[in-house]
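*Asks:* Just a sequence and a predicted model for now, questions to come.
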Amino acid sequence: MNLNFSYILTSRPSIICILLYTSLALLCLVTIFGNLLVIISIIYFKQLHTPTNYLILSLAVADLLVGVIVFPLSMAFSLSSCLYHEHFFCNVRGSFDISLSTCSILSLCCISIDRYYAVCQPLMYRTKINDHVVTIMIVVSWAVSALIGIGVIIAGLNNGKCEERCLIDVLMENTIGPILSFYLPVIIMLCIYFKIFLVALKQARSIQNTKSGGTASKTERKATKTLAIVLGVFLICWSPFFICITFMPFTQHSVPLPLIETLNWLTLSNSMLNPFIYAFFYSWFRSAFRMIICGKIFKGDLSNSKLL
């Protein structure tokens, strides 16, 4: 089904453009800085060399690339519109946007699997989730995402005039796209976390009168809770966009371009929020961030430091 949507673009006063560019540039810088802190922390401090953190590292790299690549491209589109850019510009923007968002979703799926074994099958965790398995998860996530991004261009999903077929049109025209790239993975993750919640609740009741294994179980439950919050924030940021594009083909009215761009920026802001979640809930990430920001890691080898 070929859907065409006309967007009415209005000229913006220069002062508004300056304010928007400044705000979006700050958002971009915070995203880059925050995710760099996560990446450096996990790579540098050996205490953070765990399978779960390697998956978080993969997610942080995807978020970093969103800040470095997608943010500038989206700023150029949002404030001057795709009408003033070549068709190739829209292809590149759509390709990176779709591939990196897919990578984020797949990374969250991998994290949910990791949490499932850590909480629901702790005795099998070290055999089921190890460095080799995590490496395969990360490689597959990035490979699938890269293929999807390349396929966006090769398959001609962004063909046509730029003003008629940018990222939103790609997703609207293929209703199966949102299902495979968002709804299905989200349903899987929600089912996994619901199962984890039930098991964690049962474990909490069973260890009330025992000390053996209580600390380890509590740590795993806290980690799972934090990563579930990451998933929740992801849903808050991404759901409005996908709900909007899902129902757009069924409405007779054109959705204003500013609304589409606002929802798109809401999805992009998710890449900025994750580092703050880690810093707020994980004491060891707070300690690592503090040591990096203060420059202590440049004054000596602190890779074996005990993080709180």
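*Replies:* Received it, and whenever you're ready, just let me know what you need.
*Asks:* burial measure for residue 262, as a count.
*Replies:* 13 (other Cβ atoms under 10 Å). All C-beta spots, glycine's among them, are computed from the backbone N, C-alpha and C.
*Asks:* now swap in residue 260 and tell me
*Replies:* 21.
*Asks:* Residue 123 now?
*Replies:* The number of residues packed near residue 123 is 8, by other Cβ under 10 Å.
*Asks:* do residue 128 as well
*Replies:* Neighbours around residue 128, by other Cβ under 10 Å: 15.
*Asks:* Quick one: low-confidence residue ranges for the stretch 51-200 of the chain.
*Replies:* Within the stretch 51-200 of the chain, the segments meeting pLDDT under 70 span 78-89, 155-177.
*Asks:* does residue 302 count as helix, strand or coil?
*Replies:* At residue 302 the chain is in coil, as set by DSSP: H, G, I helix; E, B strand; the rest coil.
*Asks:* And it, how far from residue 33?
*Replies:* According to Cβ to Cβ, to the nearest Å, residue 302 and residue 33 sit 20 Å apart.
*Asks:* And residue 274, by the same measure?
*Replies:* Counting by Cβ to Cβ - residue 274 and residue 33 are separated by 13 Å.
*Asks:* Which positions in stretch 239-251 come out as buried?
*Replies:* Going by neighbour count (16 or more other Cβ atoms under 10 Å), the buried part of stretch 239-251 is 239, 241-242, 244-246, 248.
*Asks:* and what of stretch 117-126?
*Replies:* 117-120, 125.
*Asks:* now the strands for the protein?
*Replies:* Read by DSSP state E, the chain holds no strands at all.
*Asks:* So for it, the centremost residue is which one?
*Replies:* residue 104 (3.9 Å; Cα atoms, centre = their mean).
*Asks:* Identify the residues contacting the closest residue to that residue other than its chain neighbours.
*Replies:* Spatially, and ignoring its direct neighbours in sequence, residue 104 is nearest to residue 62 (5.0 Å; Cβ to Cβ, 6 or more residues apart in numbering). By Cβ atoms under 8 Å, 6 or more residues apart in numbering, the contact list for residue 62 reads 100, 103-104, 107, 145, 271.
*Asks:* Equivalent analysis for residue 54, please.
*Replies:* Contacts of residue 54 by Cβ under 8 Å, 6+ apart are 42, 131, 134-135, 138.
*Asks:* I am finished for the moment; much appreciated.
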